[in-house]
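>>> Make a model of this:
(chains A and B)
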Amino acid sequence: MLLRKWWSSLRHGLFRVSWARTGYRAVHRRYDVIVVGGGHAGTEAAAASARVGAETLLVTQKIDTIGALSCNPSLGGVGKGQLVREVDALDGLCGRAGDRAGIHFSVLNRSKGPAVWGPRAQLDRQRYRHFIQGELQATPRLEVLEGSVEELLVEEEVDPGRPGRHRVTGIRLGHGPPLEASSVVLTTGTFLSGSLFLGQTTSPGGRIGDPPSSAGLSRTLKETLGLEVGRLRTGTPPRILKDSVDLTLATLHPPDQHPTPFSFLNTHTHCKPDEQLPCYLVHTTPGVDRVVMESLHDNSHIQQDTKGPRYCPSIESRVLRFPGRRHQVWLEPEGMTSNLLYPQGLSMTMPPDMQLRLLRQIPALHRVEISTPGYGVQYDYVCPTQLSPSLQVKTTQGLFLAGQINGTTGYEEAAAQGLWAGVNAARSALAAPLLAMSRTESYIGVLIDDLVTRGVTEPYRMFTSRAEFRTLLRPDNADLRLTLKGFEEVGCVSAQRYSEAVRVREGLQEAFVTLGSLSQSASDWRKTLETSSISQSKGGTLTAMELLQYNDITYDTLAAAFPQSLAPFLEFSQRLKIEAVYRPHCELQKKEIQRIQREEGMSLSPDLDYLSLPVSLSHEVREILDRVRPTTLGAATRLPGMTPAAIVHLLNFVHQMNHNQNKINQNQNSRTHRKPSGPGPREGGQRAGAVS
Amino acid sequence: MWDAETIFALSSGHGRCGVAVVRVSGPASSTALRSMAGLTCAMPPPRRALLRTITDPHSREVLDRGLILWFPGPHSFTGEDSAEFHIHGGPAVISAVLQALGSLAGVRPAEAGEFTRRAFHAGKLDLTEVEGLGDLIHAETEAQRRQALRQMSGDLGRLYQDWSYRLKRCLAHIEAFIDFSEDELIEDSVISQVDGWMCALQGEVESHLKDERRGERLRSGVQVVIAGATNAGKSSLLNTLCQRPAAIVSPVAGTTRDVLETALDIGGFPVLLSDTAGLRDSPDPVEREGVRRARERVEQADLTLVVMDSTLLLPDLQQAPALLQGYIRSVLPPQDDPHTVKCVLVLNKVDLIPEQQRGQLERELAGTPSLPPWCLVSCTSTSSAGLQGLLVMLQASLKALCGDPLSAGPPSLTQTRHRAHLQQCVAALVQYRLFRDRDLALAAEGVRLALSSLGRITGRVGAEEILDIIFRDFCIGK
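Numbering: from 1, shown residues only, chains lettered A, B, ... in the order given. Take a look at the predicted model:
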């Protein structure tokens, strides 16, 4: 009986019955980690926490919406695709979910160089949700519970070995009994004091069709924990009926003929190449501008001066900011069998009748019908400079935040933070040192470092231009950068994925040695390859590695000439080509990276009192340091307003502290035999990479 | 910042001094010492002064004769291999040695406080010494800031700021094309537009680097040529300036027939002063050859003193400006524009003009802004009036030609550094061109490098600034 019910719920994608039962049992248990929220951040956090080894509970208002794509039905893109690859390299969910749910794959920027390729896919909403839900259900140590969090439980009694004034002890759902946990990850998205805007009407909530979250959580954060909270806004376009669109008037945009999967584990996408659906491109007209201007007085969202993003603006703000321009609108499929289209670029908050009028100003949409109107959301975010690079709230032991609550926008940004917050929440609960990701090794590191050291003034989105070491942080090498570390140091990667990454690394290394050892004169190369790309004037000898740097010489060409030595590595042919071209540039960047890493190795204790520190610092600098509380000297140097002199004084201070600390340790050692101590959350400790 | 690099700086105090100390620290110190002090194999004994001829490592040109010291690491101030050059304190020598060091591979000018910071990292300073370090760096950066401000307010500053702004814009447009063109209306023409901008920019920086002969001038002397009609008193002027009868003077027009050179020090700047034959058409083949040589000298001159007998302006002084302009045109090479060419107008023999008319002449000249800098002098074998004014004017012109290596802070070092950064900038712009069609990410890397090189002169550029330009210039909707 039970089995049948479970099966039927699986088929319909409704897990409420079985999951709620799990949850019900759960109420009487104590967890290592509780994750609040079932969006991109929450699901990655819960899964990562369980992978690291923590008993984890995911609490969501509606089990059915776990893994829902609230806004655009797509994943990846330029900058964002890099994040998806990195999340996947750390064994996260979204890459594999994208491969499963994708119905239109394309690698953006194909002509602009592999460092900035942007793997992207249109998704089938249902398939995505099903995959995520299925993955969570199959994850050991992970339980899911439906309910609304009424209160975050905190204590003043803190762990004296760690910084912070408060300690999280769990959550309370409704009026039920408390659920205890060592760590809590909040991924409430737009639900923290969220309000929905449509025309002149405003209603509480974070997503249309879902109940608003309780005010209790927001109150705990602001009042009990004293966190500084800001307000941001975002919006979503109306969904339109595909049948009502005259697609003959739109430009067809086909997918890649050979879909490229997101995940390092997949060689194929679930969707077959010829099953993929196209997207369509249309443009706004002067009529659209007119409707925007006419509806302004009926549009309370656009009138309010809450900071919205410059790069994902509503059509209203685009028209206001760049009047008279033609804007692109992408009509994206919502699913394999869905009758809806998503008009990317037309997020709007005017009254529904005006929305319809606006849409119909576009020729292809002259008879369009709306299924759900667009709307705006305003929500609270916690100023992320109050977080450590582990995404733990600096003042509150065990409280981690990820996703839009930190002022970001986008699924990929949320997933990346969720994964990292989940990892650290689990490590904190398991008494392992917390970890930071460097901006020199990943986009995830860039994202988190930007958030915690610079804060946000508008919803933060990833661009490749934010990464100083863009040529190193490529989508093709995310596994080499992160999978090995993810297994060896972080503990969030499965042994299976790890051994595959090791195999790849060794294969690449072997291939490079072989390429470097294949050497002959330029004229011999010209003969062997019958190529004109080696100029006649070129003399001397060239290795196959050097040759691979030439524009039109592929690995396959070389392998055809030297099949015996090179054919065994043909599976890596694209990666070898990319690596050969980029290696000389990356060598240059490595010096700069070493400098940054040295500075990042010097940690600044999070509870330094900068205002009274006995160091010669200007008042301005003290205030900056006090506000941001950088965790490393490297982070301090990147703060706007810091002076070289202040850095030297800080550097001196850190040396002095370490010096004194060593002395104390030596004295202690000489007096007592130290007990071998297990790993503990030593925030700001000496271990490289271990930070609060 | 990377310890793998070797740094150098003028360590002795700024300002004129008898002996200047140039310090070098880092792994290439021994190479620098060997290649510039003519040490063929063995290094000199540590911490022992040696008298050597110091030469340019590439041209082998002798720069100075001075003491060298070798401090192998870790027993040195910075803990690294270090070397010191104790050289003569003249600006030309200092500038030459600094430029020679800067031309070595892996050697660059030190940043503010960098020696001390390296010493600190190597644990060579005790904590009380370190206390002063922050203040020192503050003082240095403050001085640099002020110096930069001073330089930045000038034409050169405006030029660098303009480049930096244009480069930022190029980068922003490339970044916009990389990050947004797949979703937005950013067309390929954006990149071809950037190509045009970059090409123009590269040309300007390259010609700036080529034009800027200041260091060479300072080393080899500024070519100052005295030119003008016969009997204007050119040779008298030469004799007065070098305070000895170097040239034969006589009332006979055409006395000087060949070019006569003497070396001079004017306000600390080395000057090679040439007296030339008076310019006139002459049937005498010897004098004709003299005039040809005179014209050739004027063409090669860094600065021309156009000398005129001021009595020729009498009696109608209202016509003086027009007459003078015609005169200057006749002396300077025809293709040169007297407004841009470095020249000083010397009106000689003013003692022969009555006091009252002299006043009127001065007023007429003052009312003609299109004239080059001018001054009234009288140089005879017995008297020399107005010479002080001429010297001040010459010094100002020389300073403009050579830069002032001794004003507050070490600008000669700054200039060496500017040059290094500008050269890096050009190299990075070449990378853009090289990769533009192959790999835009690597091409953009070139622009990023170029901008950070330029940013070291004009101030740093952050990712946010680039994003600001992107969002200002493009409507990004996704």
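
>>> alpha carbons only for contacts and neighbour counts from here, please
Noted.

>>> Helix or strand for the spatially closest residue to residue B:110 that is not a sequence neighbour, just tell me which one.
Leaving aside its chain neighbours, residue B:110 sits nearest to residue B:7 (4.9 Å; criterion: CA to CA, 6 or more residues apart in numbering or on different chains). In this assignment (DSSP states H and E), residue B:7 forms part of strand B:6-10.

>>> Packing partners of that strand?
Strand B:6-10 sits against strand B:19-25, helix B:91-102, strand B:107-109, with contacts defined as 3 or more CA pairs under 8 Å, 6 or more residues apart in numbering or on different chains; DSSP states H and E.

>>> which of these has the lowest average pLDDT?
Per-stretch mean pLDDT for those is lowest at helix B:91-102 (a mean of 81).

>>> could you give the angle of that one to strand B:19-25?
With axes from the mean of the first three to the mean of the last three CA atoms, to 10 degrees defining the directions, helix B:91-102 sits at 10 degrees from strand B:19-25.

>>> Strands of the stretch 101-250 of chain B, residue ranges please.
Listed in chain order, the strands of the stretch 101-250 of chain B (DSSP state E, counting those that start in this stretch) span B:107-109, B:222-228.

>>> ends of stretch A:190-209, how far apart?
End-to-end distance for stretch A:190-209: 13 Å, by CA to CA, to the nearest Å.

>>> pLDDT below threshold where in the stretch 201-350 of chain B?
B:210-220, B:268, B:335-341 (pLDDT under 70).

>>> Could you tell me the single residue of it that sits nearest to chain A?
residue B:202 (21.2 Å; CA to the nearest CA).

>>> Excluding chain neighbours, what is closest to the residue in the stretch 101-250 of chain A that chain B sits nearest to?
Going by CA to the nearest CA, chain B is nearest to residue A:113 of the stretch 101-250 of chain A, at 4.3 Å. Nearest residue to residue A:113, sequence neighbours excluded (CA to CA, 6+ apart): residue B:439, at 4.3 Å.

>>> Also residue A:106?
Residue A:106's closest residue in space is residue A:256 (CA to CA, 6+ apart), at 4.9 Å.

>>> how far away is that neighbour from residue A:275?
Residue A:256 is 12 Å from residue A:275, by CA to CA.

>>> Between the two, tell me which one has more neighbours.
The residue with more neighbours, out of residue A:256 and residue A:275, is residue A:256; 17 against 10, by other CA atoms under 10 Å in any protein chain shown.

>>> Next, that one: secondary structure please.
coil (DSSP: H, G, I helix; E, B strand; the rest coil).

>>> Next, the angle strand B:19-25 makes with the lengthiest strand in chain B.
With secondary structure taken from DSSP state E, chain B has its longest strand at strand B:62-71. Angle of strand B:62-71 versus strand B:19-25, following the same axes, to 10 degrees, is 60 degrees.

>>> could you say what helices and strands strand B:62-71 packs with?
helix B:29-36, strand B:50-55, strand B:82-88, helix B:91-102.

>>> Distance to chain A and mean neighbour count for these - can I get that in a markdown table?
Below are the helices and strands packed on strand B:62-71 laid out as a markdown table (distance: least, CA to the nearest CA, whole Å; neighbours: other CA atoms under 10 Å in any protein chain shown):
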| stretch | distance to chain A | mean neighbour count |
| --- | --- | --- |
| helix B:29-36 | 20 | 22 |
| strand B:50-55 | 31 | 18 |
| strand B:82-88 | 22 | 24 |
| helix B:91-102 | 20 | 23 |
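
>>> Of those, give the one that comes closest to residue B:434.
helix B:91-102 (26.3 Å; CA to CA).

>>> shaky segments in the stretch 51-200 of chain B?
Short version for the stretch 51-200 of chain B, where the test is pLDDT under 70: B:91, B:112-113, B:120-121, B:123-157, B:184-185.

>>> no wait, chain A
In chain A (pLDDT under 70), the answer is A:1-28, A:303-312, A:595-596, A:599-600, A:643-645, A:659, A:661-692.

>>> Near chain B, which residues of it are found?
Proximity of chain A to chain B (CA under 8 Å from any CA of the partner chain) is limited to residues A:78-79, A:108-109, A:111-116, A:310-314, A:318, A:322, A:327-328, A:344-345, A:463-466, A:470-471, A:551, A:591-592, A:595, A:644-646, A:648-649, A:652.

>>> Residues in contact with the helix or strand residue A:620 falls within: which ones?
Using DSSP H and E, the element containing residue A:620 is helix A:619-628. If you take CA atoms under 8 Å, 6 or more residues apart in numbering or on different chains as the criterion, helix A:619-628 is touched by A:385-386, A:452-454, A:609-611, A:636, A:639, A:641-643, A:646.
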